[in-house]
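[1] show me how the following folds:
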Amino acid sequence: MTEEITHIEQVQIVCNSDLDPWDIAIGRASRQAREIALKEKWNEEKGELITSLLQRPRYRQLYEILKSGKVEVRVVSAADAPFLHGKAGVIEARDGTKSAFIGSLNETRQGWQEHYEIVWEDQSPEGVAWVEAEFQYLWERSVPLPEAIVEEVGRLSRKVEVFLQDLQPADVPGAAWVEAPLYRRGEVLKPWQQSFVEMFLEHRELYGAVRLILADEVGLGKTLSLAVAAMVACLLEDGPALILCPATLCQQWQVELKDKLGIPSAVWLSNRKVWQDANGHIIKTKGAEDIGRCPYQIGIVSTGLIFHNAPEAQFLLERRFGTIVLDEAHRARCTRGVTVKEPQPNNLLKFMGKAAIQSKHVLLGTATPIQTHVEELWDLLEVLNSGAEHVLGRRPQQLWQQTQRILPILTGQQAVTDEHFAWNLLRNPLPPSVENPLFDHIRSDLNLLKGQHFTDKPLTELEDFTRQELRDALEERQQGLTFFQRHNPILRHTVLRKRSTLEELGLLERIAVDIWPSEAEQLPMFCGLGLLTSPEFDIAYEAAQDFARALRQRTQSAGFMKSIMQSRICSSIASGLSTAQKLLEKRRFFEEDGEEDWLLDDLPEILEAECAHLERIVSVLNPQSTDPKLDAVLYFLQERRWLDLGCIIFSQYFDTAHWVADNLSQRLPQESVALYAGAQKSGLFFAGEWRSTEREDIKRAVRERTIRLVVATDAACEGLNLQSLGTLINIDLPWNPSRLEQRIGRIKRFGQTRDRVDMLNLVYHGTHDEKVYEVLSRRMKDRYDLFGSLPDTIEDDWIENIETLEAKLQEFTERKKQANAFELRYAGTVEPKGPRWETCEKVLSRRDIVERLSEGW
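    Sure thing, here's the model as predicted:
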């Protein structure tokens, strides 16, 4: 067939697929989404690697035909073209005569021996006209075969499987990524994410040890960027990787590694002193000391252990690591303030300073490296400089460590014009040659090697031409920035890309979000931004505060307990009731949201007076048959018809999510309700009945639109692409804008057919949560950039005082408005320098990747 087509001037083919009409509608609105959907269908074929090997000549012929321009292929949905195996077409001869055909002929041994094959030809004008009309009907409802599929055909015709030792370091990421689950689902690493991994490998080559802060704005996928870099370092045998993150993110990291990259990892469960793999299996240990013997190359540990100086922290410091990744790195900082004479590093900062010396690569992830004091950025830079003095320079002549002296230079308030002072800034540390031709000339004049990052030689040893070049550079401004604003260690080791830049380049779609409740429309059951509550709830909420006040009088743990009790009772009545009951029984909170339940071990016994407050909560909440949050959800799903658009409902806590899903199933007996949670906790409710279900099955059902209502926890939301859903409800609000961004990012993404989506935020009226939300909502006015005026994380102590929260958010906004050199330097790093990884033809076996990363510490 392919041989004959090459001799025909023009061929038009329309073919059906498993795509449904919604996929085709998405395709018309979004080229990227169409490519994702079709590539996913393409990759679902089993044994593709074997097929591409055995059928390589045919893949090559097919690719050449598709690229020739003689053949135009379009795709129609299965609903519009529900035929099974038959083909129909019209052949027009050079003299204008036409012949129609219907049927197919499978020219294989199996076709002749086992099938009934037939082709019916009809040269009548009526037959030809009928087939042409049918073809035109389908052609008008189809979309072009994406160029990405054509290139994938060509890649398969050239693809070969190789071993790690056959690849150069720069080729490893693409060879590993192109067979990963996320790629096979039709998605690709975003250009700026690939660019970061390339930067990681460049620094690895330049310095031998990578030291980077990834400070991309919230919602740009820092976790995946850092995860790929850690995976690549492990594959290159740089040593094992330690991921440090808040307890609430441990599960999320593990899910992302498994669901997106297809690689194993283990999470340390501090409450049980054991490792847990990505399938929920427990790996038994001898105790706390076995935190230093992770069963996989990548281990994930809660920073809570470090903060509280648990014994495990010391065992970790006894190990050497290839890579340490610290997520939400801004939490590692010094205590500063008017009452503090000398900055005091917290336990996490002290730990990171020691651990960095023991590690080859250190990666710090945060969208807010500066929370309160600008010196906090230097806290992180000092971590990077530990064991790698090419970052800030060698002591004791280290000028770049002197924050107050350097800040005016970095802000442009002071321009360095004296070449001798400039030389002291340049020589320690010396910039790499690739950054600027001037630096190459300096190294050449002084006969310095690539790996030399310091010199004690005086300025006078530079050639006259180089010195003049330096003087000229000091006088020159580019886009208003001085020389040392453009060239300094802070820029060199801090990567920052902005959403606005990516949107202007067309790399991110601008999708508006309408937030409810709205000031423009007063809704039933709301009082302002909060839900009207019952007297019983008000009594329970007051009892929760009384419990925390009573506990505070005799223990410093009261703050933690207040956080648990208040956040859970503000999540849902069901969660508040469950928490009070568990505290009365002093049962652990085994939540897959990663809450640091191990701290309960340190709590004193709850006294009778304190128990009275908990018992009051239980007594008033037990009879409750409903919850205003559930009523609001049903109102929006039914009265506002959000269910027709598809909806995902988020909660921080599994008990709230399970309760919501169960109750919705009972109230909507004809509707399937999916619960998307951690390992072994996901499933499906239908008419009140529960069935355990794998997360992948839920995602597939949502894509195929057999499920349009999903309840999910934050821990499981990464890797969940729900552009087929058009609305989102936050049952509770984590005061962490990055997690809110991750939630809305499940639907506000490539392929969303709506140009605006809806988000409902639920808080109870009269609670502290409502006050916090009132402050945040005033900053969530830009429907295209909801969280642009909010930091990545809002600290607990900010929330305690509403006036403090206002002031801290204002500080953040003012800093963000200031022009800085990051925009100039990193605007050019949103596109990778090398070829896109999806074109990679030399691939690593998934088995080899998993085996390599399954080696323990």
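[2] tally of neighbours for residue 182?
    Using other Cβ atoms under 10 Å, residue 182 is surrounded by 18 other residues. All C-beta spots, glycine's among them, are computed from the backbone N, C-alpha and C.
[3] shaky segments in the stretch 151-300 of the chain?
    186, 248 (pLDDT under 70).
[4] mind listing the helices for it?
    Applying DSSP state H, counting those that start in this stretch to the stretch 151-300 of the chain gives helices spanning 172-177, 181-184, 191-207, 222-235, 247-259.
[5] tell me the pLDDT at the spatially closest residue to residue 812 that is not a sequence neighbour?
    Distance criterion Cβ to Cβ, 6 or more residues apart in numbering; nearest residue to residue 812, sequence neighbours excluded, is residue 791 at 4.8 Å. The model reports residue 791 with a pLDDT of 72.
[6] go on, residue 757?
    For residue 757, pLDDT reads 87.
[7] my read: it touches residue 516, true?
    No: with contact defined as Cβ atoms under 8 Å, residue 757 does not reach residue 516; the gap is 11.3 Å.
[8] higher neighbour count, these two?
    Taking other Cβ under 10 Å, residue 757 and residue 516 do not tie; residue 757 has more neighbours (22 against 19).
[9] what's across from the more buried one in the sheet?
    residue 513 (DSSP bridges).
[10] tell me the contacts of it?
    Listed by Cβ atoms under 8 Å, 6 or more residues apart in numbering, the contact partners of residue 757 are 511, 512, 513, 514, 726, 727, 728, 744, 747, 748.
[11] for residue 414, same thing?
    Counting by Cβ under 8 Å, 6+ apart, residue 414 has contacts residue 408.
[12] am I right that it is in a strand?
    No: under DSSP: H, G, I helix; E, B strand; the rest coil, residue 414 sits outside any strand and is assigned coil.
[13] let's have the helices of the stretch 151-300 of the chain in TSV, adding distance to residue 63.
    Converted to TSV, these look like this (distance: least, Cβ to Cβ, whole Å):
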stretch	distance to residue 63
helix 172-177	20
helix 181-184	19
helix 191-207	24
helix 222-235	28
helix 247-259	31
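[14] mind checking those helices for the one nearest to residue 422?
    helix 191-207 (22.2 Å; Cβ to Cβ).
[15] quick one, strands of the stretch 201-350 of the chain?
    211-214, 241-245, 266-269, 274-277, 282-283, 298-302, 321-327, 334-335, 344-345 (DSSP state E, counting those that start in this stretch).
[16] could these go into JSON lines alongside distance to residue 462?
    Formatted as JSON lines, the strands of the stretch 201-350 of the chain follow (distance: least, Cβ to Cβ, whole Å):
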{"stretch": "strand 211-214", "distance to residue 462": "27"}
{"stretch": "strand 241-245", "distance to residue 462": "41"}
{"stretch": "strand 266-269", "distance to residue 462": "52"}
{"stretch": "strand 274-277", "distance to residue 462": "55"}
{"stretch": "strand 282-283", "distance to residue 462": "58"}
{"stretch": "strand 298-302", "distance to residue 462": "46"}
{"stretch": "strand 321-327", "distance to residue 462": "37"}
{"stretch": "strand 334-335", "distance to residue 462": "38"}
{"stretch": "strand 344-345", "distance to residue 462": "39"}
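[17] between these, which gets nearest to residue 458?
    strand 211-214 (28.1 Å).
[18] the contacts of residue 757 in helices, which ones?
    Secondary structure defined by DSSP state H assigns residue 744 of those to helices.
[19] let's see the ChimeraX selection covering just the buried ones among the contacts of residue 757.
    Under the burial definition 16 or more other Cβ atoms under 10 Å, those of the contacts of residue 757 that qualify are selected in ChimeraX by:
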select :511,513,726,727,728,744,747,748
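[20] so which of the contacts of residue 757 is the closest to residue 542?
    Nearest member of these to residue 542, counting by Cβ to Cβ, is residue 728, at 31.1 Å.
[21] so how far is residue 228 from the spatially closest residue to residue 852 that is not a sequence neighbour?
    Residue nearest to residue 852 in three dimensions, not counting chain neighbours: residue 235, with 6.0 Å by Cβ to Cβ, 6+ apart. Using Cβ to Cβ, to the nearest Å, one gets 10 Å for the distance from residue 235 to residue 228.
[22] and for residue 630?
    40 Å.
[23] what does residue 181 give?
    Where residue 228 is concerned, residue 181 sits at a distance of 13 Å (Cβ to Cβ).
[24] swap in residue 610?
    Distance from residue 610 to residue 228, by Cβ to Cβ: 48 Å.
[25] more neighbours, these two?
    Taking neighbours as other Cβ under 10 Å, residue 610 and residue 228 compare with residue 228 leading, 25 against 22.
[26] for the more buried one, give me its contacts.
    173, 177, 189, 193, 197, 261.
[27] distance to residue 124 and neighbour count for those residues - can I get that in JSON lines?
    Formatted as JSON lines, those follow (distance: Cβ to Cβ, whole Å; neighbours: other Cβ atoms under 10 Å):
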{"residue": "173", "distance to residue 124": "59", "neighbour count": "26"}
{"residue": "177", "distance to residue 124": "54", "neighbour count": "25"}
{"residue": "189", "distance to residue 124": "54", "neighbour count": "26"}
{"residue": "193", "distance to residue 124": "58", "neighbour count": "25"}
{"residue": "197", "distance to residue 124": "61", "neighbour count": "25"}
{"residue": "261", "distance to residue 124": "58", "neighbour count": "24"}
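[28] what's the burial count for the closest residue to residue 514 other than its chain neighbours?
    Counting by Cβ to Cβ, 6+ apart, residue 758 is the residue found nearest to residue 514 once chain neighbours are left out, at 5.1 Å. Residue 758 has 20 neighbouring residues, counting by other Cβ under 10 Å.
[29] surely residue 758 meets residue 730?
    No: applying Cβ under 8 Å, one finds residue 758 not in contact with residue 730, separated by 11.6 Å.
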